[in-house]
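>>> just the structure for this:
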Amino acid sequence: MSADDSTSPLLFDPAERHLGVLVGFDGSEQSVQALHYGATMAQGLGCRLTVVSAFTVPAPVYPNLASMPAVPEREARAAASRQIATAALSHLEGYPGEVALESVEGDAAGVLVELSATARLAVVGSRGRGGFLGRLLGSVSEALPAHAHCPTVVVPAGYEIPEGSGPERFTEPPSAEPVVVGLDSERSEVLITIAARAAAAAHAPLHLMQVLPPLDAWSASAQAMVSDQEFLERQREELAVLLGQEAARLQEHGPVASVTSSVEIGDPVSVLVKRSRTARLTVVGTRGRGRMLSALLGSVSRGLLERAEGPVMVVPDLDVSRIGHDPRRPR
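Predicted coordinates:
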C-alpha cells in the first residue's frame, strides 16, 4: 500500500526496518553518488546498508529452436544484475558498516517501493541507466518519493564523493551546512522529527523554515480579504515567533546542537531551491495543503526535486508515534 492508498499515516518503527538504508544501484555515475550518500547516512544512523539492483525479463520471442539462447533469458539477466550489485563493493572500499547486496526481479521503481516497507531510508540518484533512466527526473527518482513507505533521498548529479578509500570517507564531518526542513502546518511534527534525526546523523545543524506565498499567488477571494502587504508581514512575524519557540524547544531537548528558524515570503519552490545550494540536505513532505496540493507529489516537493542543487529528502505521511522518541519532548 502506498501513501496515496489510504488517509492513515504509514506505520514507521526504525527498529523493525531491517534493511536499514536502501540504495538503488545500476552502475551509473549517479547511482554511485547515491551509494556513497546512502553509506554515509547508514553510518550516521548506525544501521545496515542494503544495495539493490533490479532487472526485468522481456517476453521471449523465438521464431525457431535455433534462435533460442543457450542460457535462458531470466538466468542471464539475473546473473548480470548480481554482477552489478557486486560491483557496488568496489565503491565501498574501506566502508566499516554492514552491507547487504540484493538482486531482485521487477521494475526498478516497483522493487524499491516494495522494499521501502522494511527500510529506514531509501536513496536513489536523480537519473540512472536502463531501468533507472527517465526524463528530467529519472522514472525511479520520480516514482519512489511519491509511493515509498519510508523517507526517500534523491541525490543530484552535482554531489561530490570524497577521495580516498578509508572509513573516514563515509563519515560526515561536522559542518555549518544545515539540514533545512520546509514545513507546512499540517505535517510539521513528522517533518521536524525526521529532519532532526537526519541532522544528527549528518552532524549538521538544523534549520526550520516556513514559506508564505506572496499576495499575487493567493486566490482571488483571499486577495479580496487582504488588501495590503502589511497583513502578510504581520503573519510572517507571528509565524516567526512560533517557529522560533519550536526551534528553542528542539535545541534544548533534541539530538541537534544548533537549531535555527526563519519564515520567508516568496515562491516556496524558488526559496527552497535557493536554500538547497548551501544545505547539507533539504527535507520536505510528499504533499502540502491548499496551494501546495498536487496529485502524487506535491507541487513543492516535485518542483524542488527537479531543480535542487543538493540532496532532497521527501517524507511520506508517517505515524510519528511509531518513529520513537520525539526529539522536541524531554526524555
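>>> give me the element residue 207 is part of.
In the assignment (DSSP states H and E), residue 207 maps to strand 206-212.
>>> pull up the pairing partners for that strand, direction included.
strand 179-182 (parallel), strand 259-265 (parallel) (DSSP bridges).
>>> confirm residue 23 sits in a helix?
No: counting by DSSP: H, G, I helix; E, B strand; the rest coil, residue 23 is not part of a helix but strand.
>>> if I look at the nearest residue to it once chain neighbours are set aside, how far off is residue 206?
Leaving aside its sequence neighbours, residue 23 sits nearest to residue 38 (C-beta to C-beta, 6 or more residues apart in numbering; 3.9 Å). Where you see a C-beta, it was placed from the backbone N, CA and C, and this is true even at glycine. Distance, residue 38 to residue 206, using C-beta to C-beta, to the nearest Å: 21 Å.
>>> who has more neighbours out of those two?
residue 206 (31 against 27; other C-beta atoms under 10 Å).
>>> does that one touch residue 178 like I think?
Yes: at 6.2 Å, residue 206 and residue 178 qualify as touching, with contact defined as C-beta atoms under 8 Å.
>>> outline the domain layout of this structure.
Annotated domains of the chain cover 11-59+76-171, 174-331 [automatic domain parsing].
>>> for those domains, which one ends up most surrounded?
Mean neighbour count, computed with mean count of other C-beta atoms under 10 Å, is highest for domain 11-59+76-171 among the domains of the chain, reaching a mean of 20.
>>> who's in contact with stretch 74-94?
Stretch 74-94 is contacted from outside by 23, 25-27, 32, 35-36, 39, 49, 51-57, 69, 99, 101-105, 164-167, 169-170, using C-beta atoms under 8 Å, 6 or more residues apart in numbering.
>>> what do you get if the cut-off is 6 Å, keeping everything else the same?
25, 27, 32, 35, 51, 53, 55, 57, 101, 103, 165-167 (C-beta atoms under 6 Å, 6 or more residues apart in numbering).
>>> could I get the average pLDDT for stretch 156-172?
The pLDDT scores in stretch 156-172 average 87.
>>> an error on my part: the question was meant for stretch 252-261.
Rounded mean pLDDT across stretch 252-261 is 88.
>>> and what of stretch 307-323?
Average pLDDT, stretch 307-323: 87.
>>> ok, now stretch 49-63?
77.
>>> the strands in the stretch 201-331 of the chain, which residues?
Per DSSP state E, counting those that start in this stretch, the stretch 201-331 of the chain carries strands over the ranges 206-212, 259-265, 281-285, 312-315.
>>> low pLDDT regions in the chain?
Applying pLDDT under 70 to the chain flags residues 1-7, 58-72, 127-141, 185-186, 216-229, 287-297, 322, 324-331.
>>> other SSEs contacting the longest helix seen in it?
Counting residues, the longest helix found in the chain (DSSP state H) is helix 229-253. Under the contact definition 3 or more C-beta pairs under 6 Å, 6 or more residues apart in numbering; DSSP states H and E, helix 229-253 sits against strand 206-212, strand 259-265.
>>> other residues contacting the last one?
Counting contacts by C-beta under 6 Å, 6+ apart, the residues outside strand 259-265 that touch it are 206-212, 214, 236, 239-240, 243-244, 247, 250-251, 271.
>>> make it 8 Å
By C-beta under 8 Å, 6+ apart, strand 259-265 touches 178, 205-214, 232-233, 236-237, 239-240, 243-244, 246-248, 250-251, 271.
>>> turn the strands paired with strand 206-212 into a markdown table, columns for distance to residue 147.
Output for the strands paired with strand 206-212, formatted as a markdown table (distance: least, C-beta to C-beta, whole Å):
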| stretch | distance to residue 147 |
| --- | --- |
| strand 179-182 | 20 |
| strand 259-265 | 30 |
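>>> of all those, which lies closest to residue 323?
strand 179-182 (14.5 Å; C-beta to C-beta).
>>> distance from the chain centre to the closest one, please.
12 Å (C-alpha atoms, centre = their mean, to the nearest Å).
>>> closest one to residue 283 out of the contacts of stretch 74-94, please.
residue 35 (20.7 Å).
>>> give the helix, strand or coil label for that closest one.
helix.
>>> wait, it sits on residue 24?
No: if you go by C-beta under 8 Å, residue 35 and residue 24 don't touch, sitting 9.1 Å apart.
>>> so who does residue 32 touch?
For residue 32, the contact set (C-beta under 8 Å, 6+ apart) comprises 25, 91, 125, 161.
>>> check the gap between it and residue 311 for me.
14 Å.
>>> related to what we said a few turns ago, now do the strand holding residue 207 against strand 281-285, angle only.
Strand 206-212 and strand 281-285 are oriented at 50 degrees to each other (axes from the mean of the first three to the mean of the last three C-alpha atoms, to 10 degrees).
>>> distance between strand 206-212 and the chain's centre?
17 Å.
>>> tell me the angle of that strand relative to helix 229-253?
Using the same axes, to 10 degrees: strand 206-212 against helix 229-253 is 160 degrees.
>>> quick check: bridge partners of residue 123?
Going by DSSP bridges, residue 123 forms beta bridges with residue 23, residue 153.
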